[in-house]
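# Show me how the following folds:
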Amino acid sequence: MLSTPTAAGGKSADLLSSREIKHVVVLGANGAMGLGSGALFTTAVPRVTFLARTKEKADGGLAAAVKMVRSSTVSNRVDTGSYEADFDRVVAEADLIFEAVTEQLDLKKQFFDRIDAVRRPDSIVATVTSGLSINMLAEGRSDSFRKNFLGLHFFNPPNVIVGTELVAGKDTDPKLVDFIDAFCTVRLGRAMVRTADTPGFAGNRIGFKVLNECAILAEEHGPILIDELVGPYTGRAMTPLATIDLVGWDIHRAIVDNIYELAPDEAHETLKLPQYMADLMAKGVLGRKTGGGFFGKDDAGERIVLEPKTQKYVGKTSISRPDLAFIDTISNLHRVGRYEDGMRAFAAATGPYAEVAQKVIAGYISYSFHRVGEVTDDISGIDRIMGFGFNWAPPGVLVDTIGLKPTIQMIEKAGLPVPPALANAQEGTKFFDDPRVNVGKFFVAA
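Numbering: from 1, shown residues only. Presented below is the predicted three-dimensional model:
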């Protein structure tokens, strides 16, 4: 289904010598992803042009990029301009045109119309879309455009998160895919994962399934409890609902709506946006960017939390913590480096709250393994993007730490389908095989 990565090993030098990238143009350079990606390109490319609706906005993107990475290299290598005054000239000069405009299909197509009219036949066009179809975006473009077009999905912020998805269209030149894989791996220090052109690709397809499931559960159990039940001790750097607040409810909705519409699968209903979120979004609630989402602060600066059932906020201190001794036990085991003991204790924990957490994690594992052959060729690609893109314990790591048999039992207890890759595996099989990674990095004691 997917081409075999060739960037690693002795082929990298040959691939990198096959073409050059000396000038990158970033469209949407005033947005967080645009400016972050532009800053990243300056580490390997002598000239990067930031374009936005106005030069003032592009200058603002440059200032934010300099502040983000605290490096004079950015200001020394970046020039700025506007779509009206500079687009045709700099796009015609560029080796790589990197599109990072708002995640709207029609808007992106308008930009690709303009790019196709002025680009050089050999220039590369990459989109940082988080889930729109690469083939759909390429429809109606010239043969040269389609041959040199692909998805390059950095995760935000790109200067911190190295996981990157590389998505080829049906007409993308395989040699270009190999070159970009090598360039991003060697020159930009990315952890590259090739994914199929499916809704949400690999990382967002799986990650936002888990995030949205937690948003659904929050209606019954409340955000504070869900964020503790599916908290760092289960193998994630940030709790799920706090993540949605950070990403933005509008971005979350765009991703899950796209997957829900285009990818009916065995976990379809977990990707349906909760109605209370839609109601609150209509009132302007979008997460941190609007001052609050699941969590926020009142006028006095006190922490408040959303009650999804009433769609009102209450003081965080007014919500009592139930008995979650099993979390404390597991966290203490993680704290001393006993990750296998900790995750096996997680799978064996009893009680209604443990069952909620187990069902979410069992669903993450089951859903991930069921996507093998659909979004990536094998579980290692999913493991890499979840580990290096989301900073979550990869599903393969969870199976290895919990153990094959207890994992299958946890999935069955949750009423979820057991993936054939697990059902047919031999006891003792290791699914995560990267000797460079200490799996303890994924388990936080707090």
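
# now the strands: where do they sit in the stretch 1-150 of the chain?
Under the criterion DSSP state E, counting those that start in this stretch, the stretch 1-150 of the chain carries strands at the ranges 23-27, 47-52, 78-82, 96-99, 124-127, 149-154.

# Could you look up the SS state of the residue nearest to L15 when sequence neighbours are not counted?
Ranked by Cβ to Cβ, 6 or more residues apart in numbering and with sequence neighbours excluded, the top spatial neighbour of L15 is A182, at 3.9 Å. Quick note: C-beta positions are derived from backbone N, CA and C, even for glycine. The local conformation at A182, judged by DSSP: H, G, I helix; E, B strand; the rest coil, is helix.

# any idea how far A63 is from A182?
32 Å (Cβ to Cβ, to the nearest Å).

# quick one, which of these two is more surrounded?
It is A182, of A182 and A63, that has more neighbours when counted by other Cβ atoms under 10 Å, with 23 against 15.

# measure the more buried one to R236 for me?
In this structure, A182 lies at 31 Å from R236, with Cβ to Cβ as the measure.

# Ok, K108 next?
Applying Cβ to Cβ, the value for K108 to R236 is 31 Å.

# ok, back up a step: need the strands of the stretch 1-150 of the chain in TSV (columns: mean pLDDT and mean neighbour count).
Supplementary listing: those in TSV, determined by pLDDT from 0 to 100; neighbours: other Cβ atoms under 10 Å:
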stretch	mean pLDDT	mean neighbour count
strand 23-27	98	27
strand 47-52	98	26
strand 78-82	98	20
strand 96-99	98	24
strand 124-127	98	26
strand 149-154	98	25
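
# could I get the ones you listed as TSV with distance to T376?
Rendered in TSV, the data for the strands of the stretch 1-150 of the chain read as follows (distance: least, Cβ to Cβ, whole Å):
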stretch	distance to T376
strand 23-27	27
strand 47-52	30
strand 78-82	34
strand 96-99	24
strand 124-127	19
strand 149-154	13
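
# pLDDT weak spots in this structure?
In the prediction, the chain carries residues with pLDDT under 70 at positions 1-10, 445-446.

# how does it divide into domains?
Structural domains of the chain, as assigned by automatic domain parsing, span the residue ranges 11-195, 203-442.

# And the last one, how far out from the chain middle?
Mean C-alpha position of domain 203-442 versus that of the full chain (Cα atoms, centre = their mean, to the nearest Å) differs by 14 Å.

# Equivalent analysis for the shortest one, please.
Using Cα atoms, centre = their mean, the distance from the centre of domain 11-195 to the centre of the chain it belongs to is 17 Å.

# Quick check: end-to-end length of it?
With Cα to Cα, to the nearest Å as the measure, the first residue of domain 11-195 is 21 Å from its last.

# from here on, count from 16
Okay, residue one is now 16; in that scheme the one you just asked about reads as domain 26-210.

# distance of F309 from Q290?
When Cβ to Cβ is the yardstick, F309 and Q290 sit 15 Å from each other.

# what's the answer for T325, then?
Distance from T325 to Q290, by Cβ to Cβ: 13 Å.

# Ok, L413 next?
When distance is defined by Cβ to Cβ, L413 is 31 Å away from Q290.

# higher neighbour count, the two?
Comparing L413 with Q290 by neighbour count (other Cβ under 10 Å), the higher total belongs to L413, at 28 against 10.

# for stretch 126-141, which positions count as buried?
For stretch 126-141, the neighbour count (16 or more other Cβ atoms under 10 Å) marks 126-127, 130-131, 133-134, 138-141 as buried.

# Surely V454 touches A408?
Yes - counting by Cβ atoms under 8 Å, V454 touches A408, with 7.3 Å between them.

# Neighbour count for those two, which is higher?
A408 (27 against 19).

# measure that one to D131 for me?
When distances are taken as Cβ to Cβ, A408 and D131 turn out to be 42 Å apart.

# what's the answer for L348, then?
Note on L348: its distance to D131, by Cβ to Cβ, is 56 Å.

# ditto for F447
In this structure, F447 and D131 are separated by 42 Å, where distance is defined by Cβ to Cβ.

# And A115, by the same measure?
According to Cβ to Cβ, A115 stands 18 Å off from D131.

# quick one on the thing from earlier: would you mind giving the buried residues of stretch 126-141 as TSV with distance to V375 added?
Rendered in TSV, the data for the buried residues of stretch 126-141 read as follows (distance: Cβ to Cβ, whole Å):
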residue	distance to V375
F126	38
F127	38
I130	42
D131	44
V133	48
R134	45
S138	44
I139	39
V140	38
A141	34
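
# what's the most distant pair in these?
V133 and A141 (16.5 Å; Cβ to Cβ).

# Show me where the stretch 316-461 of the chain has its helices.
Secondary structure of the stretch 316-461 of the chain by DSSP state H, counting those that start in this stretch: the helices cover 340-350, 354-363, 367-385, 394-403, 410-417, 419-428, 435-438.

# Next: the stretch 16-165 of the chain.
Going by DSSP H, counting those that start in this stretch, the stretch 16-165 of the chain shows helices at 26-31, 47-56, 70-84, 87-92, 98-108, 120-133, 149-153, 158-162.
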